[in-house]
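Asker: need a structure here:
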Amino acid sequence: MISIWKRELRSALCSVIGFLYLAASLFFFGVYFYVMNLYQGMAHVNYAFASVVYLFSITIPILTMRGFAQEFRDKTDQLLFTAPVSLAKIVMGKYLAMLTLFLIPVVAAAFFPLILSGYGDVAIAEAYTTLLAYILYGMAAVAVGLFLSSLTNNVVIAAVSTAVALFVVYTMGGFGELLGVPVLQKILGAFHFQARFITMESGVISLRSILYFLSVGTAFLIFTVLRLKRYQSGNGGDPKLRAGRLIWLVGTLLAVVGLNVTAELLPDSVTEFDVTMKEFHLLTEETKGFLETLDQDVVIYVFKKEDAADTNEAKMLKNYASFDHISVEYVDPEVSPRFPMRYTANGLTEGSIVVSREDVFRIIPFESIYTYSDPDMQDYGASPDGFDLEGLLTSAIDYVTTDDLPMVYELSGHGELLLSGEFRTALDRENVKLQEIQLVTAGSIPRDADCVLILAPSEDYSEAEIGALKNYMDQGGHLYILLQWTKEPQKNLQGFLAEYGIQVCHGVVSEENEDVYFRQPFYLIPEIRSTSVTEKLAGNLALSAATVGLRSTDPAVEVILKTSEKAFLKKDPQEAKSTKPEEGDEKGEFLLGVFRKWDSDITPEDAPEGSGRVIRESQLTVFGSPYMTQDAIDEYISGMNRKLFSQIMSQMVSRPTLISVPVKQYSQEYVVVPESDATFFGVILSGVVPGVLLLVGVVVWALRRRR
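Answerer: Below you'll find the model as predicted:
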């Protein structure tokens, strides 16, 4: 068998066919990895691997078409069959040689998740379980191709029949659904390779799928041996031999059906293992820091039997209870059915949690502990994509132990954006009250404002409104501003910022340096710099899109984000003819985000009644991008923009500890890969490597032709 394997492998690598297969497979792997993961920034490499499966109907026929068809065509089959090797070993030798070639691109693709992990949190478990499923699917597909190659002496017919067969088993499930007949759906579903592959694509190791592919592959190898024995006997032979072959055929079919039917009857707990589960019960440093400073007793009531809590929930509650002033009590719904009446007239869902301190409490519904991409998915029994218990508990504990909650106002009336989505949730987690206000009607900023948000106004403020903002800042106010490019400069707002040493450039910043932008030159990915408000996040990347350029020579202005020296300013991006620098574009380094703080000396008449002279710290944060608080952009940067916003807001509302703990996702959705890196890997993986392999194949073929 080893000699057959060496012979077949040498034959494949001494012809253009073997190198053509390697080049095609690596090309498809590289293209999908570049488009989906490097360019689009998806953190799921399993999507790229799953896409390549569809192309088995192209690549596998290249690999298997010469198996036995060429032996029959070239009349070398008799020489092969008279060798001192059994037919089973001949078939296995050829099969292993094809499998070796099949696995070479797979080994190369196994490095793709590791490459991508250098740019963020990558779904590693999903990637490698998908790759395992890809290998199993391929093993079965190669066995099918080898069998079909044994049925003809025409390599073209062998290739076409394999392509058709693999296409059919890929789409068989769709045929069953189209017919709409339950019995036919089950019968056709037995031939549906893709259904077994999908089971493992999401990070679940399915013993049913593994058994299915291995049993089907083994069956087709046995069918190949039986076919060759029939061919050897001249399609006739001894009746006893024919009967023996028939017994083997029927026995193999029954064994495959029996094994797979038995596997279907076993419970999921025995046949499926989710390898994506993380240790969600571990508390973040934010929560630990907050709980260590807690000086009031809090009770966490869990409306559920203690032995009914799932592993992550039980372990996390135990971690909370390990801190002073926190106790956890389980309330059995059967023993204490009236417990919910203490807190609500609507009752509590079993599994809900009540966080209580004396007469102050907050209810955490059971339905909110796990999150789902689609809100309706929970009703249909879909798997959750996130675990939110820590964020809800920490926020609830802060709520019941805080007497005076911070107040934040967001300005409207000038086309401003309003805080929404995960950024609004982050503020809610900080137990910050948020209220919309129009300066035109209010006339001034309310005295209880801990911070004011101005999110990307599309129209300028009046002089009276700017006067109200100045007065607020003079009283020790905190202001968070996002800017956006407008056709006409917002002179009053820009003049207001200039008084604090921040100059606004009229134009949108782009980059020539591919290392610091994502996809497009105006999707900037600057590194967060260490400032008095961002020290904990320094070194991470933020995503700043369509950013108005800022400049400052004031040493009191701290730089949070800035461009490289290869940046340039598009003064009118709507009229720009190119994303590259054009004549008239201002070049140089621009600031993208800044922070400044100073002491405001409040006069006695402005100070609270009965107090003397008061010194308050004023804070001003300005970002040039209107998208710094948008979920659609934040997803691409793994939530770093949201963390930056939460960190700054925590300081502005004078929270000693950041308590906005985000949902613990099962897997990250996006990563940010600089354009230069994406291009480099894309060219190498989908261009250079496949091209070199194809060239080597052509050279080998040409040299053999000369001989």
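Asker: Below-threshold pLDDT in the stretch 301-450 of the chain: ranges please.
Answerer: 373-383 (pLDDT under 70).
Asker: Please, where are all the strands along it?
Answerer: Under the criterion DSSP state E, counting those that start in this stretch, strands of the stretch 301-450 of the chain are mapped to 326-330, 353-357, 360-364, 370-371, 386-387, 407-411, 433-437.
Asker: So which of these is nearest residue 558?
Answerer: Nearest to residue 558 among the strands of the stretch 301-450 of the chain is strand 407-411 (21.6 Å), distances taken as CB to CB. Glycine gets a C-beta too; all of them are placed from N, C-alpha and C.
Asker: thinking again about what came up before, could you dump the strands of the stretch 301-450 of the chain into JSON lines with distance to residue 220 and mean neighbour count added?
Answerer: Formatted as JSON lines, the strands of the stretch 301-450 of the chain follow (distance: least, CB to CB, whole Å; neighbours: other CB atoms under 10 Å):
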{"stretch": "strand 326-330", "distance to residue 220": "55", "mean neighbour count": "16"}
{"stretch": "strand 353-357", "distance to residue 220": "54", "mean neighbour count": "22"}
{"stretch": "strand 360-364", "distance to residue 220": "54", "mean neighbour count": "18"}
{"stretch": "strand 370-371", "distance to residue 220": "42", "mean neighbour count": "20"}
{"stretch": "strand 386-387", "distance to residue 220": "42", "mean neighbour count": "20"}
{"stretch": "strand 407-411", "distance to residue 220": "65", "mean neighbour count": "21"}
{"stretch": "strand 433-437", "distance to residue 220": "63", "mean neighbour count": "15"}
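Asker: quick one: which of those strands is nearest residue 67?
Answerer: In this view, the strands of the stretch 301-450 of the chain are compared for proximity to residue 67 by CB to CB, and strand 386-387 is the closest at 47.8 Å.
Asker: just to revisit the earlier point, tell me which of the strands of the stretch 301-450 of the chain lies nearest to residue 316.
Answerer: Judged by CB to CB, the one of those that comes nearest to residue 316 is strand 386-387, at 8.5 Å.
Asker: Show me what that closest one is packed up against.
Answerer: Contacting strand 386-387 under the criterion 3 or more CB pairs under 8 Å, 6 or more residues apart in numbering; DSSP states H and E are the following elements: strand 370-371, strand 664-665.
Asker: Looking at the ones you listed, spot the one closest to residue 648.
Answerer: Across the helices and strands packed on strand 386-387, residue 648 has its closest neighbour in strand 664-665 (22.6 Å, CB to CB).
Asker: Which positions within the helix or strand following that closest one qualify as buried?
Answerer: Beyond strand 664-665 on the C-terminal side, the first helix or strand identified by DSSP states H and E is helix 675-683. Residues 675, 678, 681-682 are the ones in helix 675-683 that count as buried (16 or more other CB atoms under 10 Å).
Asker: can you put the residues you listed in CSV and add pLDDT and distance to residue 252?
Answerer: Below are these laid out as CSV (pLDDT from 0 to 100; distance: CB to CB, whole Å):
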residue, pLDDT, distance to residue 252
675, 87, 54
678, 90, 48
681, 93, 45
682, 92, 45
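Asker: any low-confidence regions in the stretch 451-600 of the chain?
Answerer: Checking the stretch 451-600 of the chain against pLDDT under 70 turns up nothing.
Asker: Give me the number of neighbouring residues for residue 539.
Answerer: For residue 539, the number of neighbouring residues by other CB atoms under 10 Å comes to 8.
Asker: so what's it up against?
Answerer: 527-528, 530 (CB atoms under 8 Å, 6 or more residues apart in numbering).
Asker: what ranges do the helices span in the stretch 301-450 of the chain?
Answerer: Applying DSSP state H, counting those that start in this stretch to the stretch 301-450 of the chain gives helices spanning 311-321, 389-401, 421-429, 439-442.
Asker: Mind giving me the packing neighbours of the second one?
Answerer: When you say that, I think you mean helix 389-401. With contacts defined as 3+ CB pairs under 8 Å, 6+ apart, the secondary structure elements packing on helix 389-401 are helix 285-292, strand 298-302, helix 311-321, strand 353-357, strand 360-364, helix 421-429.
Asker: so which of the helices and strands packed on strand 386-387 gets nearest residue 158?
Answerer: Evaluated over the helices and strands packed on strand 386-387, closeness to residue 158 peaks at strand 664-665, with 46.7 Å, by CB to CB.
Asker: what's that closest one in contact with?
Answerer: Residues from elsewhere that reach strand 664-665, judged by CB under 8 Å, 6+ apart: 278, 280, 385-388, 390.
Asker: now stretch 433-441
Answerer: Stretch 433-441 is contacted from outside by 405-413, 418-419, 424, 427-428, 445-446, 461-462, 464-465, 468-469, using CB under 8 Å, 6+ apart.
Asker: pLDDT value on residue 178, please?
Answerer: In this prediction, residue 178 carries a pLDDT score of 59.
Asker: same deal with residue 107?
Answerer: Turning to residue 107, the model gives it a pLDDT of 94.
Asker: picking up where we left off before, the contacts of residue 539, buried ones only, as a ChimeraX selection?
Answerer: Provided next is the ChimeraX selection string for whichever of the contacts of residue 539 are buried by 16+ other CB under 10 Å:
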select :528
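Asker: Dump the contacts of residue 539 into CSV; add distance to residue 142 as well.
Answerer: Compiled in CSV, those are given as follows (distance: CB to CB, whole Å):
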residue, distance to residue 142
527, 47
528, 49
530, 55
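Asker: possible to save the contacts of residue 539 as CSV with distance to residue 129 and secondary structure?
Answerer: Compiled in CSV, those are given as follows (distance: CB to CB, whole Å; DSSP: H, G, I helix; E, B strand; the rest coil):
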residue, distance to residue 129, secondary structure
527, 34, strand
528, 34, coil
530, 39, coil
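Asker: With respect to residue 397, which of the contacts of residue 539 is nearest?
Answerer: Comparing the contacts of residue 539 against residue 397 with CB to CB picks out residue 528 as the nearest, at 28.6 Å.
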